[in-house]
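[1] what would the 3D arrangement of this be:
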Amino acid sequence: MAEPAYVLTEERPRGDVRAAVLLLHGGRSESREPVRRRQPSVLRLIPFATRLRRSGGPLGLTVWRLRYTIRGWNGADESRLADVRSALAAVRSRDPDVPVALVGYSMGGRAAIRVAGEPAAAGVVAVAGLAPWLTPSEPPELLGGKHVLLMHGTADTTTDPRATAALAARLDGVAASCRYVPVAGDGHAMLRHPSAWHREVTRFVLTRTGLAAPDQPR
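    Numbering: from 1, shown residues only. Presented below is the predicted three-dimensional model:
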């Protein structure tokens, strides 16, 4: 039987590419099971990809989605990061001179933060963490010089909105910019107010990659 492998898909605009976004889904803290395409954390990012493609495609945004090899972070193994590094390298190789945004949901938010601080992520200008799975030891320096959006549902019982708010406070003076958006009453699945999540992420990606003016609604 073949070993499981990550899957990277791209929705490319018709014209020239001027920016890229890479979407990273969630998972489990411990699991060696392969990721399936119909798992909820994978499916939940499809509406984000659709909104980004519709709003950003005509402006030159190419939209990438990564499906990891296995579901878990797995402690010190940090299994997710190898897939993210490989995917980011592929994105940069395809369009080496365009700005890149990372959008990570749950455990994907932690992966985005970790990789954003590495030398290979020099082209990454913006990082969005959606209901991110964080530990108190996440160093804010990883996001130094990046534009950051952090969102968390106030009713989330899977990951801790207080940890996200604390990270946002620690990023003051470290990140190029940081905005924390609490979503009132929403849980981890981001389904009570989905349009709020989609709208904020789309606006963030388009403005911070230079495709739209900051006051331009999307």
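[2] and stretch 197-211, what's buried?
    197-198, 200-209, 211 (16 or more other Cβ atoms under 10 Å). For glycine as for every other residue, the C-beta is placed from the backbone atoms N, C-alpha and C.
[3] how much distance is there from that stretch to the middle of the chain?
    How far stretch 197-211 lies from its chain's middle: 12 Å, per Cα atoms, centre = their mean, to the nearest Å.
[4] can you lay out the buried residues of stretch 197-211 as CSV showing pLDDT?
    Below are the buried residues of stretch 197-211 laid out as CSV (pLDDT from 0 to 100):
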residue, pLDDT
Trp197, 98
His198, 98
Glu200, 98
Val201, 99
Thr202, 98
Arg203, 98
Phe204, 98
Val205, 99
Leu206, 98
Thr207, 98
Arg208, 98
Thr209, 98
Leu211, 98
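[5] element containing Ala101?
    strand 100-105 (DSSP states H and E).
[6] list the contacts of that strand.
    19-26, 41, 44-45, 48, 88, 91-92, 110-113, 115-116, 121, 123-132, 190, 201, 204-205, 208-209 (Cβ atoms under 8 Å, 6 or more residues apart in numbering).
[7] residues in contact with the residue nearest to Val7 when sequence neighbours are not counted?
    Once flanking residues are discounted, Val7 sits nearest to Arg67: 4.2 Å by Cβ to Cβ, 6 or more residues apart in numbering. Contacts for Arg67 were tallied using Cβ under 8 Å, 6+ apart; they are 6-9, 25, 35, 37, 42.
[8] nearest to Leu61, out of these: which one, please.
    Nearest to Leu61 among these: Thr9, at 14.8 Å, using Cβ to Cβ.
[9] I'd say the closest one and Thr62 touch.
    No - using Cβ atoms under 8 Å, Thr9 makes no contact with Thr62, being 11.0 Å away.
[10] beyond the lowest-mean-pLDDT helix or strand in the chain, next helix or strand please.
    When each helix and strand of the chain is scored by mean pLDDT, DSSP states H and E, helix 40-43 comes last, with a mean of 86. Using DSSP H and E, the helix or strand that follows helix 40-43 in sequence is helix 46-56.
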